[in-house]
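Student: Structure of the sequence below:
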Amino acid sequence: MSRFSPFSFIDDRLANLPINDSDKKNFELYNVQRYLSTDKRLSNIVCNFNTTYFHALPKDIQAMAMTAFNGKKLNVRWYFPKVGSNDEKNKNIEKIMMVYDMSYNSVISCLKFGTIDMEKVNDLYTKIYENSTIKFKNKK
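Tutor: Predicted coordinates for the structure are as follows:
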C-alpha cells in the first residue's frame, strides 16, 4: 500500500495530471488542506473545504474536487514572521508587565483574548516611566 503524499498530489494538480486510483483511495484531506493553507490567497478556499459536509464525502470525491487546482500557479511555501515584529511584540509585553505588574503568562493570555488596549498601556507607560519627557505649562 503506497502512502499518500500531499506534496506530490498538489504537484500533480499543478502539472495538470489526472488523479490516479491510489491517490483517490488514500486521499488525506487534512494534509492537503494544511499544504494549501501555506498560500495566503487560498485561505478562503481551504476554509470552504473545511466543513462537516465536505468531510462526509467519500475520499475519491474529495480528491476529485481538488482538480479545481489543475494547471493553477500556486505559491505554496511557508511564511516566516519578520524579525522586527517579534522585537516590537516583546517590547509591548514588557511594557504591559511593568504597567500592570503582571506575570509574563498573564500578559500572553490577555493578549490572546484581546483584553488589553495598547494605546492605554502606552499612555500609562509614558506617564509612569517617561514623565521627564512630559512638558507642563508654566503658570504666570
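
Student: In terms of helices and strands, where is the residue lying closest to Phe69 once chain neighbours are set aside?
Tutor: The shortest distance from Phe69 to any non-neighbouring residue, by CB to CB, 6 or more residues apart in numbering, is to Arg13 (4.3 Å). Yep, even glycine has a C-beta here, placed from its N, CA and C like the rest. For Arg13, the host element (DSSP states H and E) is helix 6-14.

Student: average pLDDT for the helix or strand that that helix is followed by?
Tutor: Toward the C-terminus, helix 6-14 is succeeded by helix 21-25 as the next helix or strand (DSSP H and E). Computed over helix 21-25, the mean pLDDT rounds to 88.

Student: Check the offset of the helix or strand of the chain with the lowest mean pLDDT from the chain's centre.
Tutor: In the chain, the helix or strand scored least confidently by mean pLDDT, DSSP states H and E is helix 43-49, which has a mean of 83. Centroid displacement of helix 43-49 relative to its chain, using CA atoms, centre = their mean, to the nearest Å, is 13 Å.

Student: Against which helices or strands is that helix packed?
Tutor: Applying 3 or more CB pairs under 8 Å, 6 or more residues apart in numbering; DSSP states H and E, one finds that helix 43-49 contacts helix 29-36.
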